[in-house]
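J.: Dropping a prediction and its sequence here:
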Amino acid sequence: KGIRIAQQLIAVTPEFHSTNIARMTKKPRSIDRYTKKPGKPYKAVVYFMMEGGADSFNLLVPLAKCKGKDMYAEYAKARGKNIALSKDKLLDIDATGSDQICDTFGINHNFPILQELYNANQAIFFANTGIISRPSDKDDYKGQGISIFAHNHMRKANYEVDPLDKIPETGIGGRILDILRTHGLQTAANVVDGSARICKGNNFYSNPVWHVDTKNSAVIDAYSSVGPNMLNIIKMLNGVGEYGNSFYGDTWSAKVSQTLYEYEQGLKTEELVGSGKYSMDEYPYKDGDIDTRFRAVAQQMKIRDIKKVNREVYFVEQNGFDHHSENQVGEKFADANDALSDFIDEMKRQKIWENVVIVMGSDFGRSITPNGGGGTDHAWGGNYFMIGGGVNGGKIM
């Protein structure tokens, strides 16, 4: 038994995971959370990533009242009968005053919540939008420093919004929170079910990225050889380092300490929800990944007074939009529509919809013309949206 305990403890030490000697003070690390109630109202941004390159030219379509040409006819001809949406599959919105070539656009019929929000001036569309590092056109688009048709390059550019690489290894959401924190606001960056650079700030500001799980926490060390003190021993082994401590060992210890803190906070959240104080009884439980991810965000927002934060960024991802062989984007939009509708209803019940903004993005747009396999291929610009109770919407930019 003693050998087994030693093996378990050795495996979590910084010495085991680095080549340097760790110099520790034997004091547990103080994880950076807030102790005082924030002084200003709560606000949050949710970045909604449609992973894979969503065919957003079937999200927003020019429909009628166009200047000088029939843009819908051009759309239908270019996309072909297998990809183009017929007019009866489009929900019309008024774009008058948006300085677009058409005054009427159509939203994919699988996304009715967007029409509802647009008509309520709570949605904005961004047409033919993407990331480039210099002015370009179809004849002169190379030399960007990023490959504008590659998933990994465009996701990185999407999350960082730093095409000239002036602040490397950081994301736009994390940098926003860094600045807000310097102005006295109490911030948190959160990623649901995964990781994303968009939430990572500058290490100088010590603004960690918290991981939000859609499932209840699994019990760590359920059959402990030591007993309930095991986690406390691990915290001490990965405690505050002395001056000159191993950089690699200290990085390991910081990650272990944050992970254990997140685990304990997760258990605390589950206990509070189970007690009924922070439950969301009217929010339906559904099995879809995107449903559970938005529900997890809503639950975290529900306990914002426990977290003592008033500015947050969340990253939520919906997978499966790389439709080369068959265009199934309508089904994915329908799933997103249901998830967003339930989430918005909960935001209204929490009385914070006016202070929450959801920004949708994707790797890139897709080709206007179909490929030989019945789908579409990688392109650049796409159509995206921003929604929120406080958005000055009802326009296409």
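T.: Nice, thanks for sending it over.

J.: so who does the closest residue to Val329 other than its chain neighbours touch?
T.: Spatially, and ignoring its direct neighbours in sequence, Val329 is nearest to Asp55 (4.5 Å; CB to CB, 6 or more residues apart in numbering). For the C-beta atoms, the positions are set from N, CA and C on the backbone; glycine is no exception. Contact partners of Asp55, counting by CB atoms under 8 Å, 6 or more residues apart in numbering, are 83, 321, 323, 327, 329, 365-366, 376.

J.: Ser246 too?
T.: Contacts here follow CB under 8 Å, 6+ apart; on that basis Ser246 touches 14, 18, 20-23.

J.: Mind putting those residues into CSV with pLDDT, neighbour count and distance to Leu260?
T.: Shown next, in CSV, are the contacts of Ser246 (pLDDT from 0 to 100; neighbours: other CB atoms under 10 Å; distance: CB to CB, whole Å):
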residue, pLDDT, neighbour count, distance to Leu260
Pro14, 92, 26, 14
Ser18, 88, 17, 19
Asn20, 80, 13, 22
Ile21, 84, 11, 23
Ala22, 86, 22, 17
Arg23, 88, 14, 21
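
J.: Let's see which of these end up in strands.
T.: Taking DSSP state E, every one of the contacts of Ser246 sits outside strands.

J.: Now distance to Pro370 too, for these, in a markdown table please.
T.: Putting the contacts of Ser246 into a markdown table (distance: CB to CB, whole Å) gives the following:
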| residue | distance to Pro370 |
| --- | --- |
| Pro14 | 54 |
| Ser18 | 52 |
| Asn20 | 56 |
| Ile21 | 61 |
| Ala22 | 58 |
| Arg23 | 62 |
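
J.: Quick one: the helices in the stretch 251-397 of the chain, in order.
T.: If DSSP state H, counting those that start in this stretch is used as the criterion, the helices of the stretch 251-397 of the chain fall at 289-302, 304-307, 329-349.

J.: For the longest one, buried residues please.
T.: Translated: helix 329-349. Neighbour-count burial for helix 329-349, counted by 16 or more other CB atoms under 10 Å, picks out 329-330, 332-333, 335-340, 342-344, 346-347.

J.: burial measure for the nearest residue to Ser253 once chain neighbours are set aside, as a count.
T.: Nearest in space to Ser253, with sequence neighbours left out and distances taken as CB to CB, 6+ apart, is Asn238 at 3.7 Å. If you count neighbours by other CB atoms under 10 Å, Asn238 ends up with 25.

J.: for Ser136, same thing?
T.: Applying the criterion other CB under 10 Å, we find 14 residues in the vicinity of Ser136.

J.: that older thread, in terms of contact, does the residue nearest to Ser253 touch Gln258 like I think?
T.: No: proximity of Asn238 to Gln258 does not meet the contact threshold set by CB atoms under 8 Å, at 10.1 Å.

J.: what ranges of the chain fall below the confidence cut-off?
T.: Under the criterion pLDDT under 70, the flagged ranges of the chain are 32.

J.: Can you tell me which residue sits nearest the middle of the chain?
T.: For the chain, Phe315 is the residue whose C-alpha lies nearest the centre (CA atoms, centre = their mean; 1.7 Å).

J.: ok, it - contacts?
T.: Contact partners of Phe315, counting by CB under 8 Å, 6+ apart, are 46-47, 49, 173, 190-192, 194, 196, 198-199.

J.: Next: Ala196.
T.: Residues counted as contacts of Ala196 (CB under 8 Å, 6+ apart) are 49, 159, 171, 315, 317.

J.: contacts for the helix or strand that the second one is a member of?
T.: In this structure, Tyr159 is located in helix 151-160 according to DSSP states H and E. Counting by CB under 8 Å, 6+ apart, the neighbours of helix 151-160 from elsewhere in the structure are 49, 51-53, 130-131, 146-148, 163, 167, 170-173, 196-198, 322, 361-364, 378.

J.: So which bits of that helix are buried?
T.: 153-160.

J.: out of the contacts of Phe315, who's nearest Lys37?
T.: Of all these, the one sitting nearest Lys37 is Asn190; the distance, using CB to CB, is 19.5 Å.

J.: and the closest one, how far is that from Ala196?
T.: Noted for Asn190: a distance of 10 Å to Ala196, by CB to CB, to the nearest Å.

J.: My read is that Ser325 contacts Gly374, right?
T.: Yes: checked against CB under 8 Å, the pair Ser325 and Gly374 is within contact range at 6.1 Å.
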